[in-house]
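[1] sequence and predicted structure below; questions after.
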Amino acid sequence: MKPIAAFRVLAAIVVIATSLPTSAQTVNVVEYRNKTLDAYFITGRANEQAALDTVADFTRTGMSFQATSAASAAASLTKVCRFYVSVASPFVSSHFYGRQGVDCETILAANPAGFNYEGYDFALQAPTATACPSGTTPVYRSFRALAGGKTSNHRYTVSTTTYARAAAAGYAGEGVAFCATAVTDATSGASATAVGTPVSSAIAMANVGAAGGTLSAPDGALSLTIPPGALAAETLISIQPISNFAHGKIGSAYRLMPDGQTFLKPITLTFNYADDDLIGSAAEFLGAAFQTTSGFWQWFGPATLNTANKTVSVNSSHFTDVSRVRGLQIRPPKKTVRPSATVALQVKLCYQVDSGELTTLGFECDSDQGPDGILTVDQWAVNGVPGGGGAFGLVVGSGAAATYTAPSSKPAPATVAVSARVRVQSVGGSALVVSNITIAEDSWTGTSTSIFAPQNVSANLTWTLESTVNNVATYRSSGTATISGGVQPACIVSPSSSSIDNTGLLVVDYNASPPTYFGGGSTSWPSSLSCPPVPGSFPSTVTALYLAGRGGPSGNAAAGSVSADGSTIEGTDSVADAVFNWKFTRNQ
């Protein structure tokens, strides 16, 4: 058993007076994370769970497992006791869960100061050595000692993946504690990534000795400053650009070699950044991260920002793979939408920075939706106006999430800035993050020709979005159709052109890859026909097909696939003696 000093476990959580359930046959044990203290807590008490769900500082991680109520547990199960460790003890204010017959009786007999017995919380099967019976899943236990401003804490996990995450965050693995059924793993948390590979053969190298020196990456985006006394002997130092899988990544990552090299004094890594690197973030939230041996990306800690030179610098005591990163960003950082469309916005923390310590791991933050981490977000605005306005669209936000609604018509300028104020003291204080949203009239423009159908027609067309249902878009026609031939020789049609109304139809199915389309249209207008040398003119009606073919559901339409990049509709078809050609380009 662990020494008593090791029972410094869960971070000072809300103490809620409860009694154990007496009639429940099964209980759902739920994990919570205390954001401020970066500590984890499990409880199988339903009334306690209900209370914690109302406390802003606590969030469910998604991890849970099924257990049996201690009151109804069979003798074959192991009961799990709980102690509240009060501030009167020599340890911290915390909770500890122990096993009957292993921990509970020993602590009760020792009666250490400040340990308050809170009874049995639930019951589970105990492992045999390190193995769980068939049909059960191991519940692993890890321990983080009191250090670096972090409270001591036990964490319980139900997968090897989350167990590894805990180890990467400074928790020492203690193996299998219990065996549970119906487990659900944590849905959020730090995640490991693939390891980068060289993107070119370029490598910067220099021999650096006790006097120190400098070295820059082949692309000039990273420079190393090794101070005097950092190395005891001359060492070949090198920097190699590699593919970048870091959370919040900017540009290439870099492999610093010799891998694992340590220094007697901290070295300085200085990264350059460009204005484009700030899209969706802010200079105040820039930093750097390094990849651990287990594949997690870890925040270097406080960075030194030089906005005049556009550099961000961090200190390091060792070599590994490194990257420039955005510690925080808004998703999506930019987007093009149609008038009246809505955009779901989310401010996302890429690195769980609580205290500036070097124990903060990266979260997946490149998707447009997801957990917000620890953030204080307010003052959502459009073009600097809180809540926005009719001309530029409206934004309604609640904390780190907001919804932007575009105006009913394209504004001028077409791109608006949707911003939020973010306050994360340990990631650079308070700054605005901006999503640039462009409102575009979704349309296709181009030309279509019809030869001998019955008159030769050339048309300049615009197909403007009418509606979208289940990602199938309907566009309506406008433009001008012109008779360009096909009538009897020497005959003249007047007028020879007419505007195209909105009866033409173009349907694009964006669910397909590449998207597919079909469409067709015709227009008619009154005219007069004169055929010299016959005197005079005769009333006539022109009917012009400006888009036609054999495709589409009716068999009388142009049809085909959109180009692979989604930008062009182009095709040709023939019906009897008629030949049709068309080409349209998408405008957004």
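    The structure has been received and is ready for your questions.
[2] hang on, Q49 is in a helix, isn't it?
    Yes: following the definition DSSP: H, G, I helix; E, B strand; the rest coil, Q49 is counted among the residues of a helix.
[3] which helices and strands does the helix ranked longest in the chain pack with?
    Across the chain, the longest stretch assigned as helix under DSSP state H is helix 160-168. Packing contacts for helix 160-168, counted by 3 or more Cβ pairs under 8 Å, 6 or more residues apart in numbering; DSSP states H and E, involve strand 137-144, strand 153-157, strand 172-184. C-beta here means a position set from N, CA and C on the backbone, and glycine is covered the same way.
[4] that helix to strand 172-184, inter-axis angle?
    Helix 160-168 and strand 172-184 are oriented at 150 degrees to each other (axes from the mean of the first three to the mean of the last three Cα atoms, to 10 degrees).
[5] list the buried residues in helix 160-168.
    Within helix 160-168, the residues that count as buried by 16 or more other Cβ atoms under 10 Å are T162, Y163, A164, R165, A166, A167, A168.
[6] which strand residues bridge V434?
    With DSSP bridges applied, V434 shows beta-bridge pairing to S419.
[7] can you get me a residue count around it?
    Neighbour count for V434, taken as other Cβ atoms under 10 Å: 20.
[8] residues contacting it?
    Taking Cβ atoms under 8 Å, 6 or more residues apart in numbering, we find V434 in contact with G280, I330, A417, V418, S419.
[9] and these, which of them are buried?
    With burial judged by 16+ other Cβ under 10 Å, the buried subset of the contacts of V434 is G280, I330, V418, S419.
[10] closest to P127 among these?
    Checking the buried ones among the contacts of V434 against P127 by Cβ to Cβ gives I330 as the nearest, at 45.2 Å.
[11] adjacent strands (with direction) for the helix or strand hosting the closest one?
    If you go by DSSP states H and E, I330 is part of strand 328-331. Pairing partners of strand 328-331, with direction, according to DSSP bridges: strand 342-349 (antiparallel).
[12] okay, buried residues for the partner strand please.
    Applying a neighbour-count criterion of 16+ other Cβ under 10 Å, one finds V343, L345, Q346, V347, K348, L349 buried in strand 342-349.
[13] wait, the last one touches E364, no?
    No: the pair L349 and E364 does not pass the contact test of Cβ atoms under 8 Å, sitting 11.0 Å apart.
[14] still on that earlier bit, pick out the lowest-pLDDT one from the buried residues of strand 342-349.
    Note: of the buried residues of strand 342-349, the lowest pLDDT belongs to L349, at 81.
[15] for that one, which residues count as its bridge partners?
    Applying DSSP bridges to L349 yields these beta-bridge partners: L328.
[16] okay, now stretch 382-401: how far is its last residue from its first?
    One end of stretch 382-401 sits 15 Å from the other (Cα to Cα, to the nearest Å).
[17] what is the mean pLDDT for that stretch?
    The average of the pLDDT scores along stretch 382-401 is 92.
[18] export the helices and strands packed on helix 160-168 to a markdown table and tack on distance to S528 and mean neighbour count?
    A markdown table is the format used below for those (distance: least, Cβ to Cβ, whole Å; neighbours: other Cβ atoms under 10 Å):
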| stretch | distance to S528 | mean neighbour count |
| --- | --- | --- |
| strand 137-144 | 86 | 22 |
| strand 153-157 | 85 | 26 |
| strand 172-184 | 78 | 17 |
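[19] out of the ones you listed, nearest to G536?
    Of all the helices and strands packed on helix 160-168, it is strand 172-184 that lies closest to G536, at 87.1 Å by Cβ to Cβ.
[20] and G384, how many neighbours?
    There are 10 residues near G384, going by other Cβ under 10 Å.
[21] which residues touch it?
    Here G384 is in contact with A417, S419 (Cβ under 8 Å, 6+ apart).
[22] distance of it from P218?
    G384 sits 41 Å away from P218 when distances are taken as Cβ to Cβ, to the nearest Å.
[23] go on, E234?
    Where P218 is concerned, E234 sits at a distance of 22 Å (Cβ to Cβ).
[24] how far away is A274 from G251?
    9 Å.
[25] scratch that, A230 is what I was asking about
    Here the distance between A230 and G251 works out to 26 Å (Cβ to Cβ).
[26] so for those two, which sits in the more crowded spot?
    More neighbours surround A230 than the other of A230 and G251, with 22 against 18 (other Cβ under 10 Å).
[27] contact partners for the more buried one?
    When contacts are counted by Cβ under 8 Å, 6+ apart, A230 is found next to G212, F263, L264, K265, P266, I267.
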